[in-house]
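Colleague: when you get a sec, could you give me coordinates for this:
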Amino acid sequence: MIRFFQSRRAAPFLYPGEEFRPSTTRKLRLTGVAHYALEMGRIRLIVTGGLFVLAFALISARLVDLMIIDNKASATPSLASGGSDFHDRADILDRSGTILATNLPTANLYADSTEIIDANSSAARLKLVLKDLNQASVREKLSSGQRFIYISRHLTPKEQIAVNSLGVPGFHFEATKRRIYPHGSLFGHVLGVTDTDNQGKAGIEQYFDHRLKTHNHPLVTTLDVRIQYAVRTALQAALGTHHARAGAAVVTNARNGEILALVSLPDFDPRDIGTASKEARFNRATLGLYEMGSTFKLFTAAMALDKEIVNLTSKYDATQPFKVANYTIDDFRGQKRWLSIPEILVYSSNIGAARMGLAVGGDVQREFLQQLGLLSAIDLELPEVGWPSYPVPWRDIHTVTISYGHGIAVTPVHVAAAVSTLVNGGIAVNPTFVKIPEQSNFKEKRVISDNTSKQIRALMRLVVREGSGKQAEVPGYRVGGKTGSAEKISVRGGYSENRLLTSFVAAFPITDPEYVVLVVLDEPKGTLATHNFATAGWNAAPTAGQIISEIAPMLGVFPDPGADPSPTLASMLDVTEANAELITPDFTHTFGGRGAFE
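Modeller: Got it, this is the predicted structure:
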């Protein structure tokens, strides 16, 4: 045995079929059997390769079907519906960096109805965890045969887990984002809303829609959460106290037009816009047009003083109403005597303002109001802005009534911006929600002289110290302002004495104004506390005073305990009759109009 293993040699390793391959050292003659085996090997290789090619072809075809053909047919959210996951939106911040609007990751629930085994059972089970769904509608969707159909959008993580736990085949989730507003209704009218696809549909969201979708950095606004909250709280309380139908309030920087707060009540929560009433969705501060009444007397006085038609010692005859045709212009609680310019403002004389406006003339009046921005839509970063309503042609009767705030309708923001121009030294300001750089190079537009601005500030201070705006006084802050109580137009035509729009526009500190506050109340009612009066001095003025007392410390404006340097009415009237200029305008032309309540 030992000899056997030593003499045997190990056979070389050959690949299958290699034993039939001709050798370089030895040529083999292929027999018929060997040739057949070789051909069978080749056939097997060809068949195997063909199967691999076919398999890859089938896989490629399926991929094409899934990515292109089936994708179009099923209308996936990312391609067909412009789903909200296609773009993100930048945050919106207040002036201090507080988030006003941001995005929250959520999930949309959709279904492939071809995968649904039992539509009735699936709809019933889904209703158990998503109670707001309409079961019949869901059942119809699940029976539609569609490959992609939305069932519910913006599920919370808890809801998503609950749906997933059902284990129902055919339900799927789409990652998306939802726009949220942490402060609820506080900024509803300013911020606006987005739709289910995160497209801006109102307010700043709509105006800056492209910028919010294409920029990563936040949009910083001029708004201040603290000021907005204080203003809304005070206005809401005023509506309740005076049983007013609605209201609006604005706080602006008198020097550059930046809006710190803008409130319109009733308002709405952007998170639940679908249930908001038409009244709640209407922005009264920027879209509502109102005859603002006696606040317009500030513009009439500024115009007459700046054009040097009058001076502070000039007087007009207000001893009795004057009549033209069937119209009578009268004063509410008239003084029945000649009134100086300060007295016309302090006692809010319609007769005095009308005579002053007529002395200036309609052409000059119209041009002046245009320079103040009161005859065109405000250039504000909101789509909801109103275009003022004014008479065309502009006749003498319109000159008279517009002098005391009737016959022309503007928005509250118009008035706030125009008064800012009057008190800041005479430089026109444009209201804005976008912070203005400190080193901005915008070209100043002067509307009135600095001296006229000082005179208007002195007159506004008189109204609060000794006139109809006494209840707007805030000790130490030297508030200046003007009341307005305008009768609203009746549905039957003419004016209704029982339906008033009251307003108060204030500036503080009046010696060097930094901020303007405007409060508007729609149809307030008299109460026992107001002795049944419903005019602005009893409701809008104290509301403005309350707002100023709340926001002044927040804005870094602190009380001044020193003596008030503003002139009193007595000191302004301390002139002899020889120095007083008695003005008797020509009233021979035809005009008429209805008097404002004050």
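
Colleague: how far off centre is the longest helix that the chain contains?
Modeller: Using DSSP state H, we find that the single longest helix of the chain is helix 32-64. Here helix 32-64 is found 70 Å from its chain centre; the criterion is CA atoms, centre = their mean, to the nearest Å.

Colleague: report the buried residues of that helix.
Modeller: Within helix 32-64, no residue qualifies as buried by neighbour count (16 or more other CB atoms under 10 Å). For glycine as for every other residue, the C-beta is placed from the backbone atoms N, C-alpha and C.

Colleague: what does stretch 145-152 give?
Modeller: In stretch 145-152, counting by 16+ other CB under 10 Å, buried: 146-152.

Colleague: who's in contact with residue 518?
Modeller: 248-250, 412, 415-416, 419, 503-506, 544 (CB atoms under 8 Å, 6 or more residues apart in numbering).

Colleague: one step back: mean confidence for the longest helix of the chain?
Modeller: Mean pLDDT, computed over helix 32-64, is 73.

Colleague: tell me which other helices or strands that helix touches.
Modeller: Contacting helix 32-64 under the criterion 3 or more CB pairs under 8 Å, 6 or more residues apart in numbering; DSSP states H and E is no other helix or strand.

Colleague: ok so, going back, go through the contacts of residue 518 and name the one nearest residue 275.
Modeller: residue 248 (22.1 Å; CB to CB).

Colleague: for the closest residue to residue 368 other than its chain neighbours, give me phi and psi.
Modeller: The shortest distance from residue 368 to any non-neighbouring residue, by CB to CB, 6 or more residues apart in numbering, is to residue 303 (4.5 Å). Main-chain torsions, residue 303, degrees, to the nearest 10: phi -60, psi -50.

Colleague: burial of residue 303, as a residue count?
Modeller: Counted with other CB atoms under 10 Å, the neighbours of residue 303 add up to 26.

Colleague: just residue 427 next, same as before
Modeller: Count around residue 427 with other CB under 10 Å applied: 17.

Colleague: make sure it is actually in contact with residue 445.
Modeller: Yes: Residue 427 lies in contact with residue 445 (CB atoms under 8 Å); the separation is 6.8 Å.

Colleague: just give the nearest non-adjacent residue to residue 208, would you?
Modeller: residue 219 (5.9 Å).

Colleague: phi, psi for the one you found please.
Modeller: According to degrees, to the nearest 10, residue 219 has phi -90, psi 110.

Colleague: repeat that for residue 379.
Modeller: Here is the backbone geometry of residue 379 (degrees, to the nearest 10): phi -90, psi 80.

Colleague: the one 4 residues further on too?
Modeller: Here is the backbone geometry of residue 383 (degrees, to the nearest 10): phi -80, psi -20.

Colleague: neighbours of it, just the number please.
Modeller: There are 18 residues near residue 383, going by other CB under 10 Å.

Colleague: would you agree it is in contact with residue 208?
Modeller: No: using CB under 8 Å, residue 383 makes no contact with residue 208, being 10.4 Å away.

Colleague: could you check the pLDDT of residue 592?
Modeller: 33.

Colleague: ok, back up a step: just give the number of residues close to the residue nearest to residue 208.
Modeller: The local packing of residue 219 (other CB under 10 Å) involves 21 other residues.

Colleague: I'd say it and residue 212 touch.
Modeller: Yes: counting by CB under 8 Å, residue 219 touches residue 212, with 6.3 Å between them.

Colleague: can you list residues touching both of these two?
Modeller: Common neighbours of residue 219 and residue 212 (criterion: CB under 8 Å, 6+ apart): 90, 92.

Colleague: residue ranges with poor pLDDT in this protein?
Modeller: Filtered on pLDDT under 70, the chain yields the residue ranges 1-38, 63-87, 324-326, 438-442, 491, 574-598.

Colleague: ok, the residue positioned nearest the centre of it - contacts?
Modeller: Residue closest to the average C-alpha location in the chain (CA atoms, centre = their mean): residue 190, at 2.0 Å. Each residue near residue 190 by CB under 8 Å, 6+ apart is listed here: 203-204, 223, 262, 382, 433.

Colleague: could the contacts of residue 518 go into a markdown table alongside neighbour count?
Modeller: A markdown table is the format used below for these (neighbours: other CB atoms under 10 Å):
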| residue | neighbour count |
| --- | --- |
| 248 | 25 |
| 249 | 31 |
| 250 | 26 |
| 412 | 29 |
| 415 | 27 |
| 416 | 26 |
| 419 | 30 |
| 503 | 32 |
| 504 | 33 |
| 505 | 32 |
| 506 | 31 |
| 544 | 33 |
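
Colleague: from those, which land in strands?
Modeller: Per DSSP state E, strands hold the following members of the contacts of residue 518: 248-250, 503-506.

Colleague: for those residues, which one is nearest residue 315?
Modeller: Closest to residue 315 out of the ones in strands among the contacts of residue 518 is residue 505 (25.3 Å), distances taken as CB to CB.

Colleague: close enough to count as contact, the closest one and residue 413?
Modeller: No: shown here, residue 505 and residue 413 do not form a contact pair, counting by CB under 8 Å, at 11.4 Å.

Colleague: list the buried residues in stretch 226-243.
Modeller: Applying a neighbour-count criterion of 16+ other CB under 10 Å, one finds 226-232, 234-235, 238-239, 241-242 buried in stretch 226-243.

Colleague: which among the ones in strands among the contacts of residue 518 gets closest to residue 109?
Modeller: So of the ones in strands among the contacts of residue 518, ranked by how close each gets to residue 109 (CB to CB), first place is residue 248, at 40.4 Å.

Colleague: gap between the closest one and residue 287?
Modeller: Using CB to CB, to the nearest Å, residue 248 is found at 10 Å from residue 287.

Colleague: same thing with residue 572?
Modeller: For residue 572, the distance to residue 287 equals 39 Å [CB to CB].

Colleague: ok, back up a step: possible to save the contacts of residue 190 as TSV with secondary structure?
Modeller: Listed next are these as TSV, based on DSSP: H, G, I helix; E, B strand; the rest coil:
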residue	secondary structure
203	helix
204	helix
223	coil
262	strand
382	coil
433	coil
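
Colleague: of those, which is the most crowded?
Modeller: residue 262 (30 neighbours).

Colleague: name whatever forms a beta bridge with that one.
Modeller: With DSSP bridges applied, residue 262 shows beta-bridge pairing to residue 250.

Colleague: circling back: closest to residue 109 out of the contacts of residue 190?
Modeller: Using CB to CB, residue 203 is the member of those that lies nearest residue 109, at 28.6 Å.
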